[in-house]
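Colleague: below are the sequence and a predicted model; questions follow.
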Amino acid sequence: MDVDIGNALASVASPGISREGLERLDERVATAHERIEAGRANDEHGYAALNLPERTDPDAIRAAVEPVADVDALVTIGIGGSALGAATITDALADAGDGTEAVYLDNIDPAWITRRLEALPLESTAINVVSRSGTTAETLANFLVVREAFEDAGVDWTERTVVTTGESGPLRSLANRHDLAAVSVPDGVPGRFSALSAVGLVAAAVCGHDLEAILEGAAAEADTLTGSLFECPAYAYGATAYALDARGASMNAMVPYAESLETYAEWFAQLWAESLGKDDLGQTPVRALGVTDQHSQLQLYRAGPRDKLVTFVTPRKTADRDIPGTDVDELAYLGDATLGELLEAEFEATEASLAAAGRPNVRVELESVDAFELGGLLYGMEAACVLAGELYEVSTFTQPAVEWAKNATRGLLGGGEFEEAEAVAEKTTLRVER
Ligand SMILES: O=P(O)(O)OC[C@H]1O[C@](O)(CO)[C@@H](O)[C@@H]1O
């Protein structure tokens, strides 16, 4: 990925960062980089994620999915980091796959689950269950529901299920009991940083994607990690986002200009929110899509509170399609162009419109949306997040705040005694009824 932070400079935007400010911040980036490299060298929890390009073994992943290699559909059951990385890859590279339909069950809405299951050709569908902890209620509940659906259809789910989980836990026990194909999550890698491991690549393998190209793209991005934001695109992005938040841009709107990268914006939202949202700090990620949200959000981004950084992700090369000529004079300018040219013009115009209004924005450029570039984008944003975590001085790799609601849920369903469940009953109400 290439990063252009020009429109985040104080000479263009407010909030903005001056060149002197960037120079000063670069001293902290150098120190943070040393910390990150030490963490990588010792395979420390979290930092180990930045070693995945050389640690992940694509042959082992392909071998593990061999029993389910030839299917029409793959239903992945997982949530958060156990779904978003895989979905980002198969959605971004959908045109390059072998035609296997990739379906993700990362919610438990009963009607939605039923509709998804009814639409699946179960006799030619494989199951990919992913949970690092092996205890996530939504994932296990959905797996029990899907398993029953296969049994009701007379389809043997044990022959076509792959499990990705830790060395122990309920999901590992279930895999052992039914002798299911199983892959281990890498040690020391939090879910939201695991897209470049089996967690994100099992689905990619079943859908026929080029795992080596994804990992090579990530490795090429890893080679750019140096102690200066002026040399490393990932650090330039992470440091700029941090600096703008410190100056008031408490939100970060991630706006890819490629429909195939919409799920990537969801993946980024988890990475940024769950990693940096601590100690009353953190930049709120907002998912948007170019050009669609020019017609819903841009008014706010341009004329609302000066509390946002807008991050554009744009591929230099895209497939294209002519806009047919027309006999309507007013539309002649369209007839002479292609959809790709219109897309690019709209991107440049939107970017310039924010700069003209003094609103900070950053451009992240990819050569195109392909396996190599996607690997680089995922790795680059992970490294940007790790660096930002060092600058915020937060514990980037934990997410303790999510446990309260999990305990309350288990308590409410009789899964144990949890004080959080009692607190649910003490809700303050002020109802206004129709
Ligand atoms: O992979 P697991 O353990 O099922 O967790 C799924 C997701 O839930 C979280 O723990 C948050 O609740 C995320 O950090 C994680 O990616």
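Modeller: Looks like it arrived, so ask away. Only a predicted model underlies this, so the values are computations on that prediction, with no experimental measurement involved.

Colleague: A388 and T240 touch, don't they?
Modeller: No. Using C-beta atoms under 8 Å, A388 is not in contact with T240, being 9.4 Å away. Backbone N, C-alpha and C define where each C-beta goes, glycine included.

Colleague: give me the pLDDT for the residue nearest to the spatial centre of the chain.
Modeller: Taking C-alpha atoms, centre = their mean, the centroid of the chain lies closest to W267, which sits 1.6 Å from it. pLDDT recorded at W267 is 98.

Colleague: same thing with the one 5 residues further on?
Modeller: pLDDT recorded at W272 is 98.

Colleague: which residue, other than its chain neighbours, is closest to it?
Modeller: For W272, ignoring the flanking residues on the chain, the nearest one in space by C-beta to C-beta, 6 or more residues apart in numbering is P285 at 4.3 Å.

Colleague: what about the residue in the stretch 251-400 of the chain positioned nearest to the ligand, how many neighbours?
Modeller: Residue of the stretch 251-400 of the chain nearest the ligand, by C-beta to the nearest ligand atom: Q399 (4.8 Å). Neighbours of Q399 under the rule other C-beta atoms under 10 Å: 19.

Colleague: list phi and psi for the residue lying closest to it once chain neighbours are set aside.
Modeller: Nearest residue to Q399, sequence neighbours excluded (C-beta to C-beta, 6+ apart): E274, at 4.9 Å. Note on E274: backbone dihedrals following degrees, to the nearest 10 are phi -70, psi -20.

Colleague: where's E274 relative to V189, distance?
Modeller: As judged by C-beta to C-beta, to the nearest Å, E274 and V189 stand 14 Å apart.

Colleague: separation between G80 and the ligand?
Modeller: Note on G80: its distance to the ligand, by C-beta to the nearest ligand atom, to the nearest Å, is 3 Å.

Colleague: what's the local residue count around that residue?
Modeller: 22.

Colleague: so it makes contact with F193?
Modeller: No. With contact defined as C-beta under 8 Å, G80 does not reach F193; the gap is 11.5 Å.

Colleague: flag every buried residue along whichever strand in the chain runs longest.
Modeller: Scanning the chain for the longest strand, with DSSP state E as the assignment, gives strand 308-317. Along strand 308-317, these residues count as buried under the neighbour rule (16 or more other C-beta atoms under 10 Å): K308, L309, V310, T311, F312, V313, T314, P315.

Colleague: strand partners of that strand, parallel vs antiparallel please.
Modeller: Take DSSP bridges as the rule and strand 308-317 pairs in its sheet with strand 251-256 (parallel), strand 361-368 (parallel).

Colleague: how far off centre is the next helix or strand after the longest one?
Modeller: Next in sequence after strand 361-368, counting helices and strands by DSSP states H and E, comes helix 371-392. The gap between where helix 371-392 is centred and where its chain is centred comes out at 11 Å by C-alpha atoms, centre = their mean, to the nearest Å.

Colleague: report the angle between helix 371-392 and strand 251-256.
Modeller: 170 degrees (axes from the mean of the first three to the mean of the last three C-alpha atoms, to 10 degrees).

Colleague: hmm, back to that, need the max-distance pair from the buried residues of strand 308-317.
Modeller: Using C-beta to C-beta, the pair of the buried residues of strand 308-317 lying farthest apart is K308 and P315, separated by 23.1 Å.

Colleague: what is the burial count for the residue nearest to W272?
Modeller: 22.

Colleague: if I look at it, how far off is L84?
Modeller: Taking C-beta to C-beta, one finds P285 at 12 Å from L84.

Colleague: got it, and E365?
Modeller: For E365, the distance to L84 - C-beta to C-beta - is 23 Å.

Colleague: so which residues of the stretch 1-150 of the chain form strands?
Modeller: 2-4, 73-77, 101-105, 125-131 (DSSP state E, counting those that start in this stretch).
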